[in-house]
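**Student:** coords please:
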Amino acid sequence: MNIRLGNADIVLMIALALVISLLLAFRLRNASWRSIVLEAFAANAAAIAAVVTLEMLLA
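**Tutor:** Below you'll find the predicted structure:
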């Protein structure tokens, strides 16, 4: 199974990561820089997983 990520997929990853990080920021309201970095990492991982899953379902 070949997974191809195009420009639209990368834009979708960025948009999902921004939305997830905003939701996490409003929900958790962390003050330390480590928690902010962890939130950003979690948001990016979730966005990448969502796009790859969508690509696998549509392939």
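**Student:** What segments of this protein are helices?
**Tutor:** For the chain, the helices identified by DSSP state H occupy 7-28, 33-58, in order along the chain.
**Student:** contacting residues around the residue nearest to the spatial centre of the chain?
**Tutor:** The structure's the chain has its C-alpha centroid closest to residue 47; by CA atoms, centre = their mean the separation is 2.3 Å. Contact analysis of residue 47 by CB atoms under 8 Å, 6 or more residues apart in numbering lists 12, 13, 14, 15, 16, 17, 20. Every C-beta, even on glycine, is put in place using the N, C-alpha and C of the backbone.
**Student:** Residue 9 contacts residue 53, doesn't it?
**Tutor:** No - applying CB atoms under 8 Å as the test, residue 9 and residue 53 come out as separate, 11.6 Å apart.
**Student:** Between these two, which has more neighbouring residues?
**Tutor:** Using other CB atoms under 10 Å as the criterion, residue 9 and residue 53 rank with residue 9 on top: 16 against 10.
**Student:** Tell me who's in contact with the more buried one.
**Tutor:** Under the criterion of CB under 8 Å, 6+ apart, the contact list for residue 9 reads 51, 55.
**Student:** Could you check how far it is from residue 40?
**Tutor:** Distance, residue 9 to residue 40, using CB to CB, to the nearest Å: 20 Å.
**Student:** do the same with residue 21
**Tutor:** Between residue 21 and residue 40 the computed distance is 6 Å (CB to CB).
**Student:** Please identify which of these two sits among more neighbours.
**Tutor:** Neighbour totals were compared for residue 21 and residue 40, and residue 21 leads with 19 against 15 (other CB under 10 Å).
**Student:** which residue packs closest to the more buried one, ignoring adjacent ones?
**Tutor:** Once its chain neighbours are removed from consideration, residue 21 has its nearest residue in residue 43; the separation is 3.9 Å (CB to CB, 6 or more residues apart in numbering).
**Student:** picking that back up, possible to save the helices of the chain as TSV with mean pLDDT?
**Tutor:** Formatted as TSV, the entries for those read as follows, by pLDDT from 0 to 100:
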stretch	mean pLDDT
helix 7-28	80
helix 33-58	81
